[in-house]
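Student: With the sequence up front, the predicted model follows.
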Amino acid sequence: MIPRLLAVLALMAALALAPACRRGEAVGAYDAQPPSGPVSMVLQEDGRGVWKTDMDEISFSWSLRQGKLVLHTRDGGVITGRPATEGWLVSVPGADEYLFRRTTP
């Protein structure tokens, strides 16, 4: 009975730590080059982020859910992205998809 309990506790600990490990892999700075002009995105370890263009800077919170990047804007908007070979492919409602390439390790 004790070995089974230890196995269950180990599984629970691994599941609890998994989101933090995945988040750490996504943390960093990224750039996209859409036709409208350069865009940069920074994902911080604490779950905050910034999206910058030549004319605007937008703060957001972010998380990873089922392998997808989810950005939560202050006004309640949700922007999602999926993994790409070089970074993230982010779909912006009412606009195009942006390929954000990692610029920092």
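Tutor: That came through fine.

Student: what about the strands in this protein?
Tutor: Using DSSP state E, the strands of the chain run over residues 28-32, 39-43, 48-52, 57-65, 68-73, 78-84, 87-91, 97-102.

Student: What is the end-to-end distance of stretch 25-34?
Tutor: End-to-end distance for stretch 25-34: 24 Å, by CA to CA, to the nearest Å.

Student: quick check, distance from it to the centre of its chain.
Tutor: The chain centroid and the centroid of stretch 25-34 are separated by 9 Å under CA atoms, centre = their mean, to the nearest Å.

Student: contacts for that stretch?
Tutor: 38-45, 62, 64, 69, 87-88, 90, 96, 98-105 (CB atoms under 8 Å, 6 or more residues apart in numbering). From N, CA and C alone the C-beta is placed, and that goes for glycine too.

Student: and with 7 Å instead?
Tutor: If you take CB atoms under 7 Å, 6 or more residues apart in numbering as the criterion, stretch 25-34 is touched by 38-45, 64, 69, 87-88, 96, 98-105.

Student: just stretch 76-88 next, same as before
Tutor: 30, 67-72, 89-92, 99-102.

Student: okay, how far is it across that stretch, tip to tip?
Tutor: 21 Å.

Student: Show me what counts as buried in it.
Tutor: In terms of neighbour count (16 or more other CB atoms under 10 Å), stretch 76-88 has its buried residues at 79, 81, 87, 88.

Student: want to throw the strands of the chain into CSV with mean pLDDT?
Tutor: Formatted as CSV, those follow (pLDDT from 0 to 100):
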stretch, mean pLDDT
strand 28-32, 96
strand 39-43, 96
strand 48-52, 96
strand 57-65, 95
strand 68-73, 95
strand 78-84, 94
strand 87-91, 94
strand 97-102, 94
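
Student: Centroid-nearest residue for the chain?
Tutor: residue 69 (3.9 Å; CA atoms, centre = their mean).

Student: Lovely, talk soon.
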